[in-house]
Every structure is written in structure tokens, then in C-alpha cells.
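**Q** quick one: sequence plus predicted model below, questions after.
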Amino acid sequence: MPKPLLPDRPVTRFERSAALASFVAGCLFALLLLGLHLVEPEFDPTWRFVSEYALGRAGWMMTVAFISLAISLLAAALALVRHVRTIFGYVGLAILALAACGFLARGRLPDGPDHHRP
């Protein structure tokens, strides 16, 4: 018998806050990325990596965008963890956490590991 899709546990105040934080941080990421497209039009996202914005004059915006995306993913995982019951659900949570770690690492190293500052 398939498991019900709706949670049978009540949603806690912490889970609501985590879901709201995930939404707000995700919206911040989208707004920052849109802003970067307007501030630095010389970067064509159709054939270049979005992370190359971190190398431009407004690189701090891409750093903040990466960190906000990491916060969004971690907050989503925290909001969902109590409701996951299957192995695929736990794998999904692990992927969310791993992706958040990757975006956080990219936000901490905007110039890349090979970049040497004078």
C-alpha cells in the first residue's frame, strides 16, 4: 500500500520558519542573479558559467547569491527532515545538504583556488 503524500504529523513552528527562510533566501538568490545580468551585461549566460559573475566587478553579489542559495537548500532540508520516511527521501535530503555545501564552498572561494592576489 502506498504511503500518503500528506504529512500526518503537524507542522511545527520551526518547520514553518525554515520553509519561510528557504523561500526568502531562494528569492534573494533569484533577484541577485537577475541584478547581475543587468549590472554586468558583458557576461553572456547562454554560453558561459553563471559562476563567472564572481570574477567581475560585482563579484560580491554572486558570492552573496551563492550563500543565499546554500541557506535556501539547508533550510528546505531542515523543514522536511521530520517528514521523510523513505530511503529515497533521505537520499534527497543528503543531495540537498551536499549541494548546499558546494554552493557555500563556491561562495567562500569566489576567485577560485588558482587565483593569486597581488
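**A** Happy to help now that I have it. Numbers count the residues shown, from 1 in each chain.

**Q** so which elements touch the longest helix along the chain?
**A** Looking across the chain with DSSP state H, the single longest helix is helix 13-39. In terms of contacts (3 or more C-beta pairs under 8 Å, 6 or more residues apart in numbering; DSSP states H and E), helix 13-39 is packed against helix 59-80. Using the backbone N, CA and C atoms, a C-beta is placed for each residue, glycine as well.

**Q** what residue lies at the spatial centre of the chain?
**A** Closest residue to the average C-alpha location of the chain: L69 at 2.2 Å, with C-alpha atoms, centre = their mean.

**Q** and that one, how far from A97?
**A** 13 Å (C-beta to C-beta, to the nearest Å).

**Q** where in the chain is pLDDT low?
**A** Scanning the chain with the threshold set as pLDDT under 70 gives 1-8, 110-118.

**Q** now do 80
**A** Counting by pLDDT under 80, the chain shows low-confidence ranges at 1-9, 43-45, 48, 50-52, 55-56, 107-118.

**Q** F103: what secondary structure?
**A** helix (DSSP: H, G, I helix; E, B strand; the rest coil).

**Q** neighbours of the residue nearest to it when sequence neighbours are not counted, how many?
**A** Nearest non-adjacent residue to F103, counting by C-beta to C-beta, 6 or more residues apart in numbering: A70, 4.1 Å away. A70 has 23 neighbours, counted by other C-beta atoms under 10 Å.
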